[in-house]
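**Q** Turn this into a structure:
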Amino acid sequence: MKTSTILAAAIASTIAGTAVADTSLYGNIRLELVNKTDLNMDSSKLVIGYKASEDMGNGMTGFMHLEMEHDDANKESDGSSAKGWTNDKSYVGLKGDFGAVTFGRQGDAAKFACSGTDIFTKKSGQACGVGAINGGVNNALIYTGGTGDLTFIVGATINGSQNEGGDNTMVGAQYAADNFSVGFQLSAFDDVTRGGENQSVIGGTYTINDIQIGATLADNGNDSATAIALKMPLAGGSFRVGMDTGEDAGVADTTHLQFTKSLSKSVYTGVEFASVDGDDDDMIAAWVGMKF
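**A** Numbering: from 1, shown residues only. So this is what the prediction gives:
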């Protein structure tokens, strides 16, 4: 078990035994039907999370976040083979007028640049992943601050794992106001599997009449990749279309189409299509889920 998971679990036990100001338990279960090379239902998911916070006095609040995901996928459409329970988030933090400091397994700041294009459920974020981990990083110590419409982070991983490029440092910022946002993240990795170069992502969104347009450019020091996407309301739901490209960076041209719709406050459904240049079969997925 990762160091951050053990630490978060220990603090969770401590908080659970005290008068916590605010706690919440949440979850998300999604049953999927995927057709790629064959029709299967082996990629359903269950996510369970717990949040807690407590007023520490002097304008400071302590908080924690635990989230686990159970994945039954034998082999997902993105080629991963993760199966069973995995640690999505397990971090603790302290926030106040100075900003927030968090430690544990948590997301990097790639969302600052990729939130407008990394919007698909089953196959998403390939271009963004060229210039960032674009996901959870273990044992990350991150400071988040900002003023007004500007948010920034400074972070580093301690004893990072190989698939995250080993130990790395990252800085990121986002400016978001009204219908426009732009952000970036710059990362430096100490592992040659990430190319041994500074890597970066930059992108943003623009919203007009409920239509959001997103663009992302990622660079790993040698190659680059791009993604564009559009999200708009349609038939009481959300329609999304996008494209990732960057073959020199190992990202084949990929076309995405997706439609999602809420059936009630907690129940939702959706379908997704992804066509990847070079693949013999396109991916078609459908799902129904419930959040609680």
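**Q** Which residue, other than its chain neighbours, is closest to Gly49?
**A** Glu67 (3.8 Å; Cβ to Cβ, 6 or more residues apart in numbering). No exception for glycine: its C-beta is placed from N, CA and C like everyone else's.
**Q** can you pull the pLDDT of that neighbour?
**A** Per-residue confidence at Glu67 stands at 94 (pLDDT).
**Q** Could you list every helix and strand in contact with the helix or strand it falls within?
**A** Counting by DSSP states H and E, the element that carries Glu67 is strand 60-71. Counting by 3 or more Cβ pairs under 8 Å, 6 or more residues apart in numbering; DSSP states H and E, the packing neighbours recorded for strand 60-71 are helix 3-16, strand 45-57, strand 84-96.
**Q** again, only this time at 10 Å
**A** With contacts defined as 3 or more Cβ pairs under 10 Å, 6 or more residues apart in numbering; DSSP states H and E, the packing partners of strand 60-71 are helix 3-16, strand 22-35, strand 45-57, strand 84-96, strand 99-107.
**Q** Let's test this: name the helix or strand in the protein with the lowest mean pLDDT.
**A** Of all the helices and strands that make up the chain, helix 3-16 has the lowest average by mean pLDDT, DSSP states H and E, namely a mean of 50.
**Q** which residues pair with Lys261 across the strands?
**A** Thr269 (DSSP bridges).
**Q** For Asp210, give me its contacts.
**A** With contacts defined as Cβ atoms under 10 Å, 6 or more residues apart in numbering, Asp210 is in contact with 179, 231-233, 238.
**Q** Only the buried subset of the residues you listed, as a ChimeraX command please.
**A** Remark: buried members of those, expressed as a ChimeraX selection using 16 or more other Cβ atoms under 10 Å:
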select :231,238
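**Q** For Val34, state which of the contacts of Asp210 is nearest.
**A** Nearest to Val34 among those is Ser238, at 20.1 Å by Cβ to Cβ.
**Q** Compute the distance between the closest one and Glu272, please.
**A** Separation of Ser238 from Glu272 (Cβ to Cβ, to the nearest Å) stands at 12 Å.
**Q** where do the contact lists of the two overlap?
**A** Common neighbours of Ser238 and Glu272 (criterion: Cβ under 10 Å, 6+ apart): 258-260.
**Q** Turn those residues into a markdown table, columns for neighbour count, pLDDT and distance to Asp22.
**A** As requested, the shared contacts of Ser238 and Glu272 are exported to a markdown table (neighbours: other Cβ atoms under 10 Å; pLDDT from 0 to 100; distance: Cβ to Cβ, whole Å):
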| residue | neighbour count | pLDDT | distance to Asp22 |
| --- | --- | --- | --- |
| Gln258 | 24 | 98 | 34 |
| Phe259 | 17 | 98 | 35 |
| Thr260 | 20 | 98 | 29 |
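**Q** circling back to that earlier point, direction included, what does the strand holding Glu67 pair against?
**A** Strand 60-71 has these strand partners (DSSP bridges): strand 45-57 (antiparallel), strand 84-96 (antiparallel).
**Q** distance between the last one and the chain's centre?
**A** What separates the centre of strand 84-96 from the centre of its chain is 13 Å, taken as Cα atoms, centre = their mean, to the nearest Å.
**Q** mind starting the numbering at 862 from now?
**A** Yep, numbering from 862; the last one is strand 945-957 now.
**Q** Pull out the buried positions in it.
**A** Of the residues in strand 945-957, those buried by neighbour count under the rule 16+ other Cβ under 10 Å are 948-954, 956.
**Q** got it, and stretch 1116-1134?
**A** Neighbour count says stretch 1116-1134 has 1117, 1119-1121, 1129-1134 buried, by 16+ other Cβ under 10 Å.
**Q** Please apply the same query to stretch 905-917.
**A** If you call a residue buried by 16+ other Cβ under 10 Å, then stretch 905-917 has these buried ones: 905-906, 908-911, 913-915.
**Q** Can I get the helices and strands packed on strand 921-932 in JSON lines including distance to Thr982?
**A** Output for those, formatted as JSON lines (distance: least, Cβ to Cβ, whole Å):
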{"stretch": "helix 864-877", "distance to Thr982": "26"}
{"stretch": "strand 883-896", "distance to Thr982": "8"}
{"stretch": "strand 906-918", "distance to Thr982": "10"}
{"stretch": "strand 945-957", "distance to Thr982": "15"}
{"stretch": "strand 960-968", "distance to Thr982": "17"}
